[in-house]
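Participant: Sequence and computational prediction follow.
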Amino acid sequence: MRALIFDLDGTLVDTVYAHVFAWQQALAEAGMPIDGWRIHRRIGMSGGLFTRALVRETGTNLSIEETKALQDRHGAIFRQLLPERRPLPGAVALLRRLRELGIPHGIATSGRRPEIDQSLVALEIPSTTVVIERGDVARAKPEPDLFLACQTRLSVAVEDCYVVGDAVWDLLAARRARMLSVGLLTGGYGEDELSRAGAYRVYRDAADLDASLDELGVLP
């Protein structure tokens with residue numbers, strides 16, 4: 001049976017722009033003001049890669065300790081901005097339908113606990129659902145480790161997995177994992193960008209994907 005592996009931020013929950021603002025504020029506090037659009041283009045990367053890419057643009061050298069402090073400050077600001085999370089259209093219903101049909105699925109996110117905890121609550125994710133977060137793997141997107149760890153936990157062959165994501169980093173990681181990918185427009189990337197990054201199909205949101213599961217051949 002085929003399986004679906006979901007990204008979290010921007011794919012299932014409406015958190016992308018809160019992450020942008022949190023990073024922007026944390027960087028500004030550290031003396032590295034960066035335009036929001038530059039930050040948005042990197043949401044979905046691991047925090048470490050994200051930080052290194054952005055500070056490279058500013059010409060600032062950060063120690064390991066300073067990088068960790070910047071990531072922690074981002075997380076604190078993000079939790080203050082969004083103490084409650086809003087699922088994106090159709091996300092809760094899609095996940096519920098997959099459970100009811102017995103279709104293997106899991107979540108693989110570059111986010112960390114405790115930042116992701118309230119998102120999982122908002123999505124009504126049961127404890128039985130496979131959730132792989134940044135702390136579970138050595139490398140995050142655009143490396144394939146998150147998706148491969150999820151695939152292993154689901155006990156489904158790589159070639160039978162679809163990755164569902166909203167950012168080019170999701171789709172690049174999926175290609176490196178040798179998995180087909182599906183793009184959603186809910187993270188702010190355009191259909192052409194997601195298609196060029198390797199998306200097999202692009203849908204408006206989780207509700208649109210739910211109505212089109214037959215196109216992926218995942219229905220029993």
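Facilitator: Arrived safely.

Participant: Which strands or helices does the top helix by length along the chain pack on?
Facilitator: Using DSSP state H to define each element, the chain has its longest helix at helix 64-81. Counting contacts by 3 or more CB pairs under 8 Å, 6 or more residues apart in numbering; DSSP states H and E, helix 64-81 is packed against helix 16-29, helix 47-58. Any C-beta I mention is one placed from the backbone N, CA and C, and that applies to glycine too.

Participant: Any chance of JSON lines for the ones you listed, columns mean neighbour count and distance to residue 65?
Facilitator: Output for those, formatted as JSON lines (neighbours: other CB atoms under 10 Å; distance: least, CB to CB, whole Å):
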{"stretch": "helix 16-29", "mean neighbour count": "19", "distance to residue 65": "15"}
{"stretch": "helix 47-58", "mean neighbour count": "17", "distance to residue 65": "12"}
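
Participant: Which of those helices sits closest to residue 79?
Facilitator: helix 16-29 (8.6 Å; CB to CB).

Participant: Could you identify the helix or strand that succeeds that closest one?
Facilitator: Later in the chain than helix 16-29, the nearest helix or strand by DSSP states H and E is helix 36-40.

Participant: which parts of that following helix are buried?
Facilitator: For helix 36-40, the neighbour count (16 or more other CB atoms under 10 Å) marks 39, 40 as buried.

Participant: try stretch 174-189
Facilitator: 174-177, 179-189.

Participant: one step back: give the buried residues for the longest helix of the chain.
Facilitator: Buried residues in helix 64-81 (16+ other CB under 10 Å): 70, 71, 73, 74, 75, 77, 78.

Participant: Nothing else from me, thank you.
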